[in-house]
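Colleague: Structure for this input, please:
(chains A and B)
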Amino acid sequence: MGKKATGPRATNPRTSKGTVPAPRHVKRSATKPPAVELSQGGAIVRMYCTGLGDCFLIGLPMDHGEVGYVMIDCGVWKGTPGSSEWMRMIMEDIRQTVGSKGIDILVATHPHWDHLSGFGQAKEIFDDIPVKEVWLPWTEDERDPQARRLAMQRQLAIQVALAASVKLRSVAEQARATNLDAEADRTLAAARDIDELLKFVGRTPPDDDAALDEDAALVGAGLRAAAPGFGGGPGLSELAAAPGTDDLLGYVRARVSRPRYLRPSTKPVPSPAFPGVKIFALGPPTDPKLLGRDDPSKGPGKSEVFATLALAALSAGPASEQAALLAGAVAPDAVDYEEQRQRRELAFPFDSRHRIPAEQAYKDPDLGEFFRAMYGTDATDPGPPWRRINTDWLEAVGGLALDLDDHINNTSLVLAFELGQGDEAPVLLFPGDAQVGNWLSWHTLDSDGRFAEDLLRRTVLYKVGHHASHNATLKAKGLSRMARTDRLVAMIPIDETEAHKPKGSNPQGWDMPYGKLLDELISRTEGRIMRADTGVPLLAGSKPKGWSSAKWEQFQRDTLIERRSIVIKGEEQTRPFYIQYTIRSGATS
Amino acid sequence: MAKGKQSQKVASAGLKTASESITGLGASPRAASPRPRRREPAYRRLRVYAFDPSLATRMEMAVINQVTLQVPWEPDLAPGPVGEYLEVVDYDPASGCYYAPVDLNNPTVLAEDGWAPSEGTPQFHQQMVYAVAMTAIRNFERALGRRALWSPHFVEDEHGAWKGEYVPRLRIYPHALRQANAYYSPLKKSLLFGYFPADASDLAGHLPGGMVFTCLSHDVVVHETTHALLDGLHRRFIEATNPDSLAFHEAFADICALFQHFSFPDVLKHQLGKTQGDLTRQNLLGELAQQFGAATGLRGALRSAIGEVKNGQWEPLKPMAGEYLKVREPHARGAILVAAVFDAFLSIYKSRVADLLRIATGGSGKLPEGQLHPDLVNRLASEAAKSARHVLTMCIRALDYCPPFDLTFGEYLRGLITADSELVPDDNRGYRVAVIEAFRQRGIYPTDVRTLSEESLRWNAPTPEEKDRLRAVLPGPEVFREFASQWDLSSDREAVFNALQRFQARFHQHLRDRIWTVPGPAATMGLDPSIDLGKFEVHSMRPARRTGPDGEQITELIVEITQRQPVFFRDGRAVAETMWVPEPGKDADFWFRGGCTLLIDPETGDVRYAISKRITDGSRLRRQAEYVSKAGGSLRATYFGVPQRLEESEAFAMIHSGQLEGDADG
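Modeller: Have a look, this model is predicted:
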């Protein structure tokens, strides 16, 4: 099916800017690619290879033979060397590709640095691209009470994690000064683990040079934090004024007067832009249980999951566990405000008459000897250092930071694009970084789960969630349901080298892509894997076994890898700039 | 060790005011008084919350809100309290302050059975953790008939060798964390308790936003203390080598907490009255950590062995055979074992009170509506307490009949059956049948037995030939007798620890010179000469005591011998090396262990049971590799990597805050 909707590009008034490059898998120069036909029921998906981060441009057929554009996210992991220049190259390419009519729909899936940084790093170019609509998940809607509560909890969690990291670092310094090196190392490692996770929300650790450079570039470009959000925390450099994820999201939001906040539904999002395409929002879920959990199989009562944001989000009062943690983590002399002082006082478990401040305790004529003998302050006191618990309460914050990261991933706006008409119309699936709870919620959109199942069954292009980590692609209720193994393509926005660099206390870096998932993806797609770091492995070899020549040639024609060069630290590198794949209309396979 | 001693001295020397005043009263054995000496009291009476402070707010429960525990008398109990087994150090790092240590020997405190229960007084908190933990220790020691040791503190000596140092006391920090968590730290040999503001969304039973203290929950304190006791007995049980290993730790801690409820007579009678003697109905005895559960928004107990709240309604638990195969999260998996044990207890209790109910009802067995006769409640309570004590003892004693590492629930079942049949050879009350039945209903059984009968579940005894071969390589009975005599309920714990080290070295040397000379015994013991150049470890030795059928005291010696080999993941496959060549900064991906637990008769030197897990067992190695690689499936693992050795990470901190989990995909 799929009637031809576009004529040759040469006759199109938008040609000069609106050209869609021809599919070629060879490296090509920067000259303009020739025009291509995009018929109803087809689509062209371009994955920009930002590094460890997402940036997608989708060309979709409009009325009258024109091509319109959906852009989903634009970001890269904070502190990736050379990323400022690379992201500007990407944004410039997007500007040239979409032309003067600009982007029809701009989507920001969730507020994480690796999905948004480009909007700041290339702001002056981004500002030059017309944007017609901005789509965001409902969790970013400031008018929504549930979303506001989530935002408050999120902010509090960030503050706790930040305060804990600062406090841990100061404890580590103290320990170092008193020759307790082992304790200092352990404490610093705990701080570093928290710092790494806070980089997702844009916070820069004080000793991360690459990330500091990135902030300096942003500040140099005249970008500042709009509000003194968590940038105002103690112990941060002047670069704390660099924009955070909230600011980046603000840039995206500000591009239109009325951004649209999407809730999951079985009805397509009403949009006049692409009459032949139905776009469904599948997530983020509105059920707090599914939203807050990375693994909902552990129901309450079955396990002791306490620091989860889900529980915190349910409690409306200010007296949350996190507030108590925060009150303790903030140094007493930094507490200026009456409100903070009160909060701190309320967070104490006992009246002040019971409390013996540590520094007094050691001098106490009756009890000082006991406290020094049993606990002590440094290596000279008899209290054995290996039994001290100075930072154990803060190390729990590592878990909180994980929950925070998880939770934000789970608020990802998930979009499914149904191309054309009919029972077998192909589907493109863009789940952002949705975690297990979000995936499971799609199956609850209708009473019997047929809706999500049907979309999954027809999926022909899957943007692999969360850089192919283990828990962002559901197996039984996800990948296994993608039945079009004859056509299915998986696009993985991953930079394995960057992922495996040491992170925090973990010398191995992050386990991305997760080996078993990668194997599973390869087998389900007959090898049609497109990786932002290494390109398309299938194209490097000869015709796969069992493929017809026509199928093999078609795949070669439909896949294009554009490579570009960049100089990083005096070294020229040529690497994939984008990978583009054309989905043909109809049920051809 | 030197430091421990020093602190003990300072603690008791620096703060003697209270005991001196006791001396004035003439009650202390150290008083040089011409008057006739008074015997030391056997117990110290201390008031605690029966469950936790939340019961005080419920009218019907307020009467059983507090109980007075009888804790073994420690004459030298210093302020803290700092005693023989425990040291309570009340440092609150989040608040940056200390709380003054309670002096339980103060005459006023002594006269009033300790401080009155109060949430707002840290000294009561110290008293309660001490009293409850001591009770748990006492139960443990009584069941095993010997004194309990904490797991040693390992230090590296100047040659780079690791040496275990004696840890006299488990440390308790009642206010260590600002979070809804409490855990045993194997590294610090400490229990860390948290406090947190209650969940503000559920207004029933607690002040929203009010402070909840985990150290005031009887169940949480027993649970954590039991982790420490189990770690002291089986150090390798915290290695996550199969889905059951961490779950077992959790389950065992819950079992001890549950059955300790039955030692409170008033609570027991109250609840039996309320449930008309039917313990399968919702009651406090079968549930754990009420306040904790409610305060974290669970609208009920944290865990229950008898039922759960579903859609606001309490429903009894039904055993599901498939659950054991499915559930991986340690607490949830552990709950299956807890439910099995509790079920066994319920059938034992039912059979014990069947006659009482017949007498009370004129033969119908059907009780009329309304209150039970107090006499009947008393009799029911005594039967319930006896059954509970028996089951708890059975569960603790089974630990001596388990392999020293990589325990599965099925093996624990074999341990339970073997231990009990040793203690009570004739199962005429059907206790073991009840246990087997309860396990069977939940699909828990060992994979290597033919039937689920008592005979096949009991560990196999070595054949006479095997016995002869083992005797040829093991030391003679006189060595065992000498060792066994040094460790009972009245021994000095540090002396026991030192003797243990000496005997283990002696045993090791004796065995090392002989074991590889003949082929038989090594295989019976699960060891292999080709691995690690034939190096092995005498992991543990201890005497197990029991009263024989004719009332005579029988002692057996338990010896655990283990061997290990490093396993690396290479190209997606687990490769076991025969030897470990240390590389700086690189450890094995995991260690695979083999070895055995031997039960030896010290009179004859005969090996009665050899509970072995072969180091050459390839399929067990593959299962462990599969399990270990799956543990990499959590988000924590994606970001922070898998902890190389669990004992080096704060395993319980992570399990208890839900950060360590099985595979995530549903």
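Colleague: Ramachandran coordinates for the residue most central in space within chain A?
Modeller: Among the residues of chain A, the one closest to the centroid is residue A:112, at 4.3 Å (C-alpha atoms, centre = their mean). Residue A:112 adopts backbone torsions of phi -120, psi 140, taken as degrees, to the nearest 10.
Colleague: Can you name the residues that contact it?
Modeller: A:75, A:200, A:201, A:245, A:405, A:408, A:409, A:433 (C-beta atoms under 8 Å, 6 or more residues apart in numbering or on different chains). Yep, even glycine has a C-beta here, placed from its N, CA and C like the rest.
Colleague: now do residue B:578
Modeller: By C-beta under 8 Å, 6+ apart, the neighbours of residue B:578 are B:530, B:531, B:532, B:565.
Colleague: Check it and give its pLDDT.
Modeller: As predicted, residue B:578 sits at a pLDDT of 78.
Colleague: Validate this expectation: it resides in a strand.
Modeller: No: per DSSP: H, G, I helix; E, B strand; the rest coil, residue B:578 lies outside any strand segment and is coil.
Colleague: any weak-confidence spans in the stretch 201-350 of chain B?
Modeller: B:201-209, B:289-290, B:292-302, B:305, B:309-312, B:314 (pLDDT under 70).
Colleague: how near is residue A:408 to residue A:146?
Modeller: Distance from residue A:408 to residue A:146, counting by C-beta to C-beta, to the nearest Å: 15 Å.
Colleague: in the stretch 401-550 of chain B, which spans are helices?
Modeller: Taking DSSP state H, counting those that start in this stretch as the test, the helices found in the stretch 401-550 of chain B are B:409-423, B:431-441, B:454-457, B:464-473, B:477-484, B:493-512, B:519-524.
Colleague: Could you single out the most deeply buried of those?
Modeller: Most buried of the helices of the stretch 401-550 of chain B by mean neighbour count (mean count of other C-beta atoms under 10 Å in any protein chain shown) is helix B:409-423; its value is a mean of 23.
Colleague: when you compare where that helix runs with where helix B:431-441 runs, what's the angle?
Modeller: 170 degrees (axes from the mean of the first three to the mean of the last three C-alpha atoms, to 10 degrees).
Colleague: So for helix B:409-423, mean pLDDT?
Modeller: 91.
Colleague: Counting by contacts, list what that helix packs against.
Modeller: helix B:243-260, helix B:330-360, helix B:374-397, helix B:431-441, helix B:454-457, strand B:537-547, strand B:607-613 (3 or more C-beta pairs under 8 Å, 6 or more residues apart in numbering or on different chains; DSSP states H and E).
Colleague: So for residue A:408 and residue A:146, which sits in the more crowded spot?
Modeller: residue A:408 (24 against 14; other C-beta atoms under 10 Å in any protein chain shown).
Colleague: what's the neighbour count on residue 452?
Modeller: This is for chain A. 24.
Colleague: try again with chain B
Modeller: Around residue B:452 there are 15 residues (other C-beta under 10 Å).
Colleague: so which helix or strand takes in residue A:491?
Modeller: Per DSSP states H and E, residue A:491 falls inside strand A:489-492.
Colleague: Ok, residue A:408 next?
Modeller: helix A:392-410.
Colleague: That helix: how far from the chain's middle?
Modeller: 15 Å (C-alpha atoms, centre = their mean, to the nearest Å).
Colleague: what's the answer for stretch A:479-487, then?
Modeller: The answer for stretch A:479-487 is 25 Å, by C-alpha atoms, centre = their mean.
Colleague: Also stretch B:538-547?
Modeller: 17 Å.
Colleague: Could I get the average pLDDT for it?
Modeller: Rounded mean pLDDT across stretch B:538-547 is 85.
Colleague: try stretch A:491-505
Modeller: 89.
Colleague: ok, now stretch A:114-133?
Modeller: 96.
Colleague: What is the end-to-end distance of it?
Modeller: End-to-end distance of stretch A:114-133 (C-alpha to C-alpha, to the nearest Å): 22 Å.
Colleague: Check which residues of it are buried.
Modeller: Going by neighbour count (16 or more other C-beta atoms under 10 Å in any protein chain shown), the buried part of stretch A:114-133 is A:114-123, A:125-126, A:129, A:131-133.
Colleague: now swap in stretch A:493-510 and tell me
Modeller: Quick answer for stretch A:493-510 (16+ other C-beta under 10 Å): A:493-496, A:498-499, A:501, A:503-506, A:509-510.
Colleague: Say whether chain B is contacted by that stretch.
Modeller: Yes: shown here: stretch A:493-510 in contact with chain B (C-beta under 8 Å from any C-beta of the partner chain) through A:503, A:504, A:505, A:506, A:507, A:508, A:510.
Colleague: what's the farthest-apart pair in those residues?
Modeller: Comparing every pair within the residues of stretch A:493-510 next to chain B by C-beta to C-beta identifies A:505 and A:510 as the most remote, at 12.6 Å.
Colleague: Which residue does the stretch 51-200 of chain A have closest to chain B?
Modeller: Using C-beta to the nearest C-beta, the single residue of the stretch 51-200 of chain A nearest to chain B is residue A:193, 6.1 Å away.
Colleague: Count the neighbours of the closest residue to residue A:226 other than its chain neighbours for me.
Modeller: Leaving aside its sequence neighbours, residue A:226 sits nearest to residue A:247 (C-beta to C-beta, 6 or more residues apart in numbering or on different chains; 5.4 Å). Per other C-beta under 10 Å, the neighbour tally for residue A:247 reads 21.
Colleague: Which strand runs longest in chain A?
Modeller: Ranked by number of residues, the top strand in chain A under DSSP state E is strand A:571-583.
Colleague: Can you tell me the strand partners of that strand and which way each runs?
Modeller: strand A:43-48 (antiparallel), strand A:559-568 (antiparallel) (DSSP bridges).
Colleague: Take the ones you listed and lay them out in TSV including mean neighbour count and mean pLDDT.
Modeller: Compiled in TSV, the strands paired with strand A:571-583 are given as follows (neighbours: other C-beta atoms under 10 Å in any protein chain shown; pLDDT from 0 to 100):
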stretch	mean neighbour count	mean pLDDT
strand A:43-48	25	96
strand A:559-568	17	94
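Colleague: Residue A:173: which of those strands is closest?
Modeller: Nearest of those (C-beta to C-beta): strand A:559-568, 33.2 Å.
Colleague: May I see the helices of the stretch 401-550 of chain B organised as JSON lines, with distance to residue B:368 added?
Modeller: Below are these laid out as JSON lines (distance: least, C-beta to C-beta, whole Å):
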{"stretch": "helix B:409-423", "distance to residue B:368": "37"}
{"stretch": "helix B:431-441", "distance to residue B:368": "28"}
{"stretch": "helix B:454-457", "distance to residue B:368": "39"}
{"stretch": "helix B:464-473", "distance to residue B:368": "60"}
{"stretch": "helix B:477-484", "distance to residue B:368": "55"}
{"stretch": "helix B:493-512", "distance to residue B:368": "53"}
{"stretch": "helix B:519-524", "distance to residue B:368": "60"}
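Colleague: residues contacting residue B:155?
Modeller: Per C-beta under 8 Å, 6+ apart, neighbours of residue B:155: B:162, B:163, B:165.
Colleague: let's see 7 Å
Modeller: With contacts defined as C-beta atoms under 7 Å, 6 or more residues apart in numbering or on different chains, the neighbours of residue B:155 are B:163, B:165.
Colleague: Quick check: which ranges of the stretch 351-500 of chain A have low pLDDT?
Modeller: Those would be A:379, if you go by pLDDT under 70 across the stretch 351-500 of chain A.
Colleague: Now the stretch 251-400 of chain B against chain A: closest residue?
Modeller: residue B:332 (4.4 Å).
Colleague: So residue A:83 sits against residue A:52, correct?
Modeller: No: if you go by C-beta atoms under 7 Å, residue A:83 and residue A:52 don't touch, sitting 9.7 Å apart.
Colleague: And those two? Which one has more around it.
Modeller: Neighbour count, other C-beta under 10 Å: between residue A:83 and residue A:52, residue A:83 has more, with 28 against 24.
Colleague: Alright, calling it a day.
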